[in-house]
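Novice: Show me how the following folds:
(2 chains)
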Amino acid sequence: MDQHTSDLENRIRRAVRDPRHELPAWPDPMRRIRRSARRQRARLALVTAACAGGTALIVLLAAGWLPATSRGPRHVSAGPVCPAAAGVPRSAPGGGSGGVVTRLVRPGALAVGPHGQLFVADDALEQILQALPGGRFRVIAGNGKRGYSGDGGPAVAAALNLPGGMTVTPNGTIYFADTGNNRVRAVWPSGTITTVAGTGLFGAWTAGGSAAPRTSLGGPADVAVSPGGCLYIADQGNSEILRLGPSGRLTRVAGIRGVAGVTGAGRPAAKASADGPDGLAFDQAGNLYIAGSNTKELLMITAGGRMRLPAGQTGFDPRGPGGLAAGPAGVVAMNGQRVQRITQRGLRTLLDFSRGHPAGLSGFLPNGIAVGPGGVIYLDTDAGNGYAARTALIEVRPGGQVRVIWQS
Amino acid sequence: MADEDEFTEFVAGALPGLLRFGHVLTGNSAAAEDLVQTALGRSLRAWRLRRIEDPRAFVRKVMVNSYASWHRRHGGREWAVAEPAGHGVTTEDPACRVDDRDAVWRALRELPPRQRAVIVLRYYEDLTEAEIAAVMGVSAGTVKSQAARALRRLADVLAPAEQVRRAE
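Specialist: A predicted model of the protein is given here:
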């Protein structure tokens, strides 16, 4: 074998054994495996019932091989029900090097991690924090100064500029819209921060098909990961939805140049406008819901790629970055002072803070929303939003019981 | 249930290695977890019927084959979240020296699934050609030709990076 080939082989060995590709262990592997086995059996039974004969056997064998990728969100794991009481999981981003704070200033977007951890983006602190028991928060990203710095280093030493909507992948990577920096950034499980998309310049209109780090975004507001594992970006300023594909290039999924409002419902999404999107969430069927902030509409791109208005023109009032959240029972939205579940028949109100509010939290107007394991809904509000008496972070159980995680 | 206890023990020991193998195979952590989950679910069903001699080899085989067939059906569409292979390497910054491991990792991700599977089994699992052939259900000759093709392709893709390094 020549020198060149053996050199290449050594490089391949080093790359595939790179310790950075270690994945975190599953909290309860057998539960996950049994669930997978049950699903496979159910699929088998379904296809057997539907078809008969040798052809059917081939089809069902094929179905049995389908990985779980196409089956909806995997964000909700068999983790603990109450993240605030769960302590810091082993795979906590930040590696424990971030400090602990006891105060929020302007909590906005929320997200739940694979082990039930609750993350809060505070755009006044310019930090992303993880809720700990006892009303404390660990800094996951942001050194507290507004700016852009720190890529390639520890996220806790990096400067952010108005962190907005976030999403957490099953391996614990946090993607977030670094809105003021016109970038989308990622905090890896190792605690390192990098830029995933955006040059930092406010782009006039994103050219689809360009390499993500060389594309100018227009104040991205939220991100979501599709069931297939692609990152979607709500580019609010340009009024378009972008998909970051496997090649590292951005594709425009929705948006019409020069159209800021709603046009093209019923058409393929690429020929419809996106209404200044500031919230994104996928449901389990792969439909992408979009909170349109310009004319205040709820939009949906079906799994088949068509733009729809699932709630009709109802005067939907999105509440800022990350105003939609995916949960086990569907997507939940903030609509003014209400929290609603998106169902096939429209919006179903789960909570209405105009008709009552938790003790001591008058004028609760949600800023951010996330759904945790077991359907727990997390909400936050801040005293500067003109309604709320206090800045607070709360947890609402499916039965309606409210627990205050932190309040000013 | 004694059977399942044994399987649980196997999972506890093998899971970190399987996840890693899945990650190297798919180049994507979410896909890796799904692949491992599916393969273990399938293995559990087989285990209940007492059919598995060497569970680790069985799971590996299921993973390689499901990955290749899934990839074929879906054409690689909607695969990776941009996981800039190096956690911590900013590829857009020319001042930042790109780690060679990341360059190779990215090049691997561009290979067709079967070629990648051959490379992963050979250089990560250290399997012989005959063992790879058994895992993939093809002949040893096919393994050899796929490996040669994959190496040629990697050499082509990685050559420009080498030139850059030499120029530095």
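Novice: Report the contact partners of residue B:39.
Specialist: Residues in contact with residue B:39 (Cβ atoms under 8 Å, 6 or more residues apart in numbering or on different chains) are B:18, B:59, B:62-63, B:66. (Glycine included, C-beta is placed from N, CA and C.)
Novice: Between the two ends of stretch A:163-173, what distance do you get?
Specialist: The first residue of stretch A:163-173 is 15 Å away from its last residue (Cα to Cα, to the nearest Å).
Novice: actually stretch B:40-55, not the one I wrote
Specialist: End residues of stretch B:40-55 are separated by 9 Å (Cα to Cα).
Novice: and that stretch, how far from the chain's centre?
Specialist: 21 Å (Cα atoms, centre = their mean, to the nearest Å).
Novice: contacts with chain A among the contacts of residue B:39, please.
Specialist: Residues of the contacts of residue B:39 in contact with chain A (Cβ under 8 Å from any Cβ of the partner chain): residue B:66.
Novice: Would you show me how to pick out the buried ones of the contacts of residue B:39 in ChimeraX?
Specialist: Typed into ChimeraX, the next command selects the buried ones out of those (criterion: 16 or more other Cβ atoms under 10 Å in any protein chain shown):
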select /B:18,59,62,63,66
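Novice: and of the contacts of residue B:39, the nearest to residue B:150?
Specialist: Nearest to residue B:150, judged by Cβ to Cβ, of the contacts of residue B:39 is residue B:63 at 18.1 Å.
Novice: Is that closest one within a helix or a strand, and which one?
Specialist: According to DSSP states H and E, residue B:63 maps onto helix B:55-74.
Novice: can you list contacts of that helix?
Specialist: So helix B:55-74 is contacted by A:62, A:65-67, A:69, A:228, B:7, B:10, B:14, B:17-18, B:21-22, B:25-26, B:35-36, B:38-40, B:42-43, B:46-47, B:52, B:113-114, B:117, B:121, B:125, B:135-137 (Cβ under 8 Å, 6+ apart).
Novice: Any buried residues in that helix, and which?
Specialist: Quick answer for helix B:55-74 (16+ other Cβ under 10 Å): B:55-56, B:58-68, B:70-71.
Novice: least trustworthy helix or strand in chain B by mean pLDDT?
Specialist: helix B:55-74 (a mean of 76; mean pLDDT, DSSP states H and E).
Novice: Would you pull up how far that one lies from the middle of the chain?
Specialist: 9 Å.
Novice: do stretch A:160-171 as well
Specialist: 7 Å.
Novice: Can you give me the end-to-end span of that stretch?
Specialist: End-to-end for stretch A:160-171, by Cα to Cα: 23 Å.
Novice: quick check: mean pLDDT across it?
Specialist: The average of the pLDDT scores along stretch A:160-171 is 93.
Novice: What of stretch A:25-45?
Specialist: On average, stretch A:25-45 scores 82.
Novice: Give the buried residues for that stretch.
Specialist: A:26-27, A:29-30, A:32-34, A:36-37, A:39-40.
Novice: so which helix or strand takes in residue 5?
Specialist: You didn't say which chain, so I picked chain A. helix A:3-16.
Novice: Let me rephrase: I mean chain B.
Specialist: Residue B:5 belongs to helix B:2-26, assigned by DSSP H and E.
Novice: Over to residue B:118?
Specialist: helix B:113-123.
Novice: Determine how far that helix lies from the middle of the whole chain.
Specialist: In terms of Cα atoms, centre = their mean, the centre of helix B:113-123 is found 7 Å from the chain centre.
Novice: Could you tell me which ranges of the stretch 101-250 of chain A sit under the pLDDT cut-off?
Specialist: By pLDDT under 70, the low-scoring segments of the stretch 101-250 of chain A are A:204-209.
Novice: Within range of chain B, give me the residues from it.
Specialist: Residues of the stretch 101-250 of chain A lying near chain B by Cβ under 8 Å from any Cβ: A:151-153, A:169-171, A:173, A:175, A:186, A:188-190, A:192, A:194-197, A:212-214, A:225-226, A:228-231, A:244-246, A:248.
Novice: what about burial for the residues you listed, which qualify?
Specialist: A:151-152, A:169-171, A:173, A:175, A:186, A:188-190, A:192, A:194-197, A:212-213, A:225-226, A:228-231, A:244-246, A:248.
Novice: The helix or strand harbouring residue B:159 close to chain A?
Specialist: Applying DSSP H and E as the criterion places residue B:159 in helix B:140-167. Yes. Using Cβ under 8 Å from any Cβ, helix B:140-167 reaches chain A at B:151, B:154-155, B:158.
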